[in-house]
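1. this one's structure only:
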């Protein structure tokens with residue numbers, strides 16, 4: 001690197017995000033301004049899939065509002081439902097961005113060696129039930 005020339009000094013990657021637990025409703029709308037909806041990294045989710053998924057939820061939220069129907073969030077037993085719960089839970093202290101992980105999904109009861117399989121089965125069923133409930137929006 002003795003011949004290296006720096007055109008411009010960079011900095012480490014830093015996400016800018018809002019304090020979602022204090023300012024967002026469960027439908028990703030801004031408290032006091034229900035027509036303003038947030039999604040993606042700005043809400044404090046990390047990851048491309050997580051950001052895209054919050055975009056889909058924001059679209060569902062807006063569609064429900066447009067149709068005069070309540071937005072039904074995905075259940076906390078689902079990955080995106082657990083993440084939505086985390087970013088909109090006013091009880092979260094010192095809010096920091098997070099991606100989907102098993103630590104935020106409620107652990108099913110049962111033998112420890114079976115919990116992962118039980119969690120996946122429960123999540124698949126909960127998500128399928130939520131999608132069925134949401135079918136009336138489209």
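-> Thanks, I have the structure now. Note that the structure is a prediction, hence the values are computed from the model and not measured.
2. mind listing what residue 64 touches?
-> Residue 64 makes contact with 27, 70, 71, 72, 137, according to C-beta atoms under 8 Å, 6 or more residues apart in numbering. (Each C-beta comes from the backbone N, C-alpha and C, glycine too.)
3. Give me the neighbour count for residue 31.
-> When counting by other C-beta atoms under 10 Å, one arrives at 11 neighbours for residue 31.
4. same question, residue 87
-> Neighbour count of residue 87, defined by other C-beta under 10 Å: 25.
5. Mind listing residues that contact the longest strand along the chain?
-> For the chain, the strand with the greatest residue count under DSSP state E is strand 33-37. Contact with strand 33-37 is made by 25, 27, 28, 29, 30, 58, 61, 62, 65, as judged by C-beta under 8 Å, 6+ apart.
6. Could you write me a PyMOL select line covering just the buried ones among the contacts of residue 64?
-> Buried residues among the contacts of residue 64 (16 or more other C-beta atoms under 10 Å), as a PyMOL selection:
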select buried, resi 27+71+72
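7. Next, format the contacts of residue 64 as CSV and append secondary structure.
-> Formatted as CSV, those follow (DSSP: H, G, I helix; E, B strand; the rest coil):
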residue, secondary structure
27, coil
70, coil
71, coil
72, coil
137, helix
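8. which regions of the protein lie under the pLDDT threshold?
-> Applying pLDDT under 70 to the chain picks out residues 8-14, 138.
9. now with 80?
-> 1, 4-15, 136-138 (pLDDT under 80).
10. Please, where are all the strands along it?
-> Secondary structure of the chain (DSSP E): strands located at 29-30, 33-37.
11. Save these as CSV, and put in mean neighbour count and distance to residue 84 too.
-> Below are the strands of the chain laid out as CSV (neighbours: other C-beta atoms under 10 Å; distance: least, C-beta to C-beta, whole Å):
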stretch, mean neighbour count, distance to residue 84
strand 29-30, 18, 12
strand 33-37, 13, 13
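12. got JSON lines for the ones you listed, with distance to residue 110 too?
-> Output for the strands of the chain, formatted as JSON lines (distance: least, C-beta to C-beta, whole Å):
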{"stretch": "strand 29-30", "distance to residue 110": "37"}
{"stretch": "strand 33-37", "distance to residue 110": "37"}
